[in-house]
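**Student:** prediction below, plus the sequence it came from.
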There are 2 protein chains.
Amino acid sequence: MEHFYQNAGDLRKTSLEGFYRIHQNMVQLRENPCYLCRKTQKDPSRIALISGGGSGHEPLHIGMIGRGMLDAACPGEVFTSPTPDQIVGALSDLNPQNGTLLIVKNFAGDLMNFEMALEMANQKCRILIVSDDVAIDNKSQRRGLSGTVIVEKIVGALAEKSDDLNACWEIGDRVVRNTGTIGVALSGCTFPGHNRTTFHLQPNEIEYGVGIHGEQGVERLRDLTIDELIHKMTDNIITEISLKPGEEVLLLVNGMGSTSLIELQSIYSLADDFCRESGLKTIRSLIGNFATALDMKGASISISRMDPELLQLWDAPVETPTLRW
Amino acid sequence: MEHFYQNAGDLRKTSLEGFYRIHQNMVQLRENPCYLCRKTQKDPSRIALISGGGSGHEPLHIGMIGRGMLDAACPGEVFTSPTPDQIVGALSDLNPQNGTLLIVKNFAGDLMNFEMALEMANQKCRILIVSDDVAIDNKSQRRGLSGTVIVEKIVGALAEKSDDLNACWEIGDRVVRNTGTIGVALSGCTFPGHNRTTFHLQPNEIEYGVGIHGEQGVERLRDLTIDELIHKMTDNIITEISLKPGEEVLLLVNGMGSTSLIELQSIYSLADDFCRESGLKTIRSLIGNFATALDMKGASISISRMDPELLQLWDAPVETPTLRW
């Protein structure tokens, strides 16, 4: 046994069943079509938030359902977009008077299916595309990575008391424009049912600029120290989102599945050092596994520019399986 | 780079620094000797709770510091007991009027150093030994594993409002006697500075009854399905702590470092099925990485018999970096 599952075909179902049993005081699990939503349905006048994407990125997005974050999440099969009928199912269930914001990570399949669902549902909806991956130069091709958690938290806080769909879209887009992420990996991941990782590295190699589907990154680095690696990652983000000395930021260190907390804490310490050296003030932080890629030995750093309004929304109460304060 | 650290010698220090910066609203970090305690010191009349052990098991124990759980934690070097002066440092700092309970996982080195500290400190103290590992027949040799989290949560809730050291010890001992854990691994772990795992398994092998230091288990199993494995684990625990149909339990699924959440959720689902088939009522649950072994691909299941008093203490408010409700 190389993983704690046998039948790759049952993995989503068994895993969702486990998630539901643990968190049944907070969430409901619907089947045919499959989606999860809050146990206590929302006030129909406020904006609904739905997200979704392939399974294998747990706790994204199912762990973000709850007061102050998502209303519903649609998990596809492993690394596979949710089908339009899953999304339509969630939309029909929530049926909000003033509209729904669909938060979608920038992957072609996800976008296509969310757009199709939007047409089918014939409800007032807007799609917010998350594209925080600054490893890719072409902005339209930037993927949605761990910055998605920051977007969902901040938009979730606004949507909790808003009936204005455009205002929710705009605050989300502001977070996306002010957030940058770089992912790196020391191994590929193992797709369920396959018995080897998606790529293989030598002990002195690092895959730089990876996504969360086990694909190779934009560059293979060799013989870097951990300081040099973390410095390069933070520098890259700071440049791409044009952070200037004196600015206040949220620093997120995300594990991708097989990275231990002792390592994530070390990464945080080094990344925070480099932020300080760049004159930034790290005023909020988050650490843990949020946007994972099955069993990938990888980590990502997200830096998000804060302002008083974003900070207030970040600090607002949240009660989900993953975030709670 | 095979792990996100370079210099094994700096790992504890860098990692603790990261932990402290993230959670500085809740904890203080002291150096020379090294220990961590709550940011807001305790009411001196109530019982203090201190735990500790080697690093490499994060979030144990540092992530359990806060209201409703520990007052302080003493992290040793990786897989190494804290030194007596670390423990004496924390004891002298807290200096409670009515005594301190030292929660110690049953490992010879940990016990020796906590006992030495107890003699040196010359304060009113008792040691509570956690030995939830039911894979080992000889009860005196049973190790402290993921059940430690349950012990620290429940004793922490009582200590928050108690000035009775013996009552705190007794409730803790009741949890230990009513909690069983089995750990399994699909790989060994990599000790910092070494470049191979502590043991190597074939794809059809499972190490059964492992601890949290990368040591081999009590038995090597071959060609089991995941259902058979989880059934064996839960059955073993149910037998060892003599659970009877109709009893209420807390079910904890713990990852050991490199096990993804999608896998842990699947394990939970299967373990809960077998608990139900045995007539047990799973009334509380917990999932995540709590007692880890660096990068071990492993998981443990803990089952803890609940009664109305234990349940009330489990449900009591807690506010730590790891648990919060």
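**Tutor:** Cool, got the structure. Numbers count the residues shown, from 1 in each chain, chains lettered A, B, ... in the order given.

**Student:** now the strands for chain A?
**Tutor:** Assigned by DSSP state E, the strands in chain A fall at A:27-30, A:35-38, A:48-55, A:72-78, A:100-105, A:125-130, A:179-185, A:205-208, A:219-222, A:248-255, A:281-289, A:298-305.

**Student:** list the contacts of the fifth one.
**Tutor:** The set of residues external to strand A:100-105 that reach it, using C-beta atoms under 8 Å, 6 or more residues apart in numbering or on different chains, is A:47-53, A:61, A:70, A:87, A:91, A:94, A:110-111, A:114, A:117-118, A:123-130, A:143-145, A:148, A:151-152, A:155, A:159, A:165, A:168-169, A:172. C-betas here are computed from N, CA, C, even on glycine.

**Student:** what sits against the single nearest residue of the stretch 1-150 of chain A relative to chain B?
**Tutor:** Relative to chain B, the nearest point of the stretch 1-150 of chain A is residue A:18 (3.5 Å; C-beta to the nearest C-beta). Contact analysis of residue A:18 by C-beta under 8 Å, 6+ apart lists B:253, B:264, B:265, B:266, B:267, B:268, B:269, B:270, B:272, B:287.

**Student:** can you check residue A:26 too?
**Tutor:** Residues touching residue A:26, when contacts are defined by C-beta under 8 Å, 6+ apart, comprise A:38, A:39, A:65, A:66, A:319, A:320, A:321.

**Student:** next one: residue A:38
**Tutor:** A:26, A:27, A:28, A:65, A:66, A:67, A:71, A:72.

**Student:** hmm, which of the contacts of strand A:100-105 are the buried ones?
**Tutor:** Burial by neighbour count, judged by 16 or more other C-beta atoms under 10 Å in any protein chain shown, picks out A:47-53, A:61, A:70, A:87, A:91, A:94, A:110-111, A:114, A:117-118, A:123, A:125-130, A:143-145, A:148, A:151-152, A:155, A:159, A:165, A:168-169, A:172 from those.

**Student:** find the nearest non-adjacent residue to residue A:212, please.
**Tutor:** Setting aside the residues directly before and after it, residue A:212 is nearest to residue A:293 in space (C-beta to C-beta, 6 or more residues apart in numbering or on different chains), at 4.2 Å.

**Student:** I'd like the average pLDDT over stretch A:112-123.
**Tutor:** Summarised as a single mean, pLDDT over stretch A:112-123 is 96.

**Student:** mind saving the C-alpha coords of it as PDB?
**Tutor:** Once non-C-alpha atoms are left out, stretch A:112-123 reads as follows in PDB (Å, rounded to 0.1, in the frame of the first residue of the first chain):
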ATOM      1  CA  MET A 112     -15.500  26.500 -19.000                       C
ATOM      2  CA  ASN A 113     -17.700  24.500 -16.600                       C
ATOM      3  CA  PHE A 114     -18.500  27.400 -14.400                       C
ATOM      4  CA  GLU A 115     -19.400  29.500 -17.400                       C
ATOM      5  CA  MET A 116     -21.600  26.800 -18.800                       C
ATOM      6  CA  ALA A 117     -23.400  26.500 -15.400                       C
ATOM      7  CA  LEU A 118     -23.900  30.200 -15.300                       C
ATOM      8  CA  GLU A 119     -25.700  30.000 -18.700                       C
ATOM      9  CA  MET A 120     -27.800  27.000 -17.600                       C
ATOM     10  CA  ALA A 121     -28.900  28.400 -14.300                       C
ATOM     11  CA  ASN A 122     -30.300  31.600 -15.600                       C
ATOM     12  CA  GLN A 123     -29.600  33.400 -12.300                       C
END
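
**Student:** and it, how far out from the chain middle?
**Tutor:** Mean-position distance between stretch A:112-123 and its chain equals 21 Å (C-alpha atoms, centre = their mean, to the nearest Å).

**Student:** kindly report the same for stretch A:84-92.
**Tutor:** Its chain's C-alpha centre lies 20 Å from the corresponding centre of stretch A:84-92 when counted by C-alpha atoms, centre = their mean.

**Student:** same deal with stretch A:14-26?
**Tutor:** Between the mean C-alpha point of stretch A:14-26 and the mean C-alpha point of its chain there is a distance of 20 Å (C-alpha atoms, centre = their mean).

**Student:** buried ones in it?
**Tutor:** The neighbour-count check on stretch A:14-26 (16+ other C-beta under 10 Å) flags A:14, A:15, A:16, A:17, A:18, A:19, A:20, A:21, A:22, A:23, A:26 as buried.
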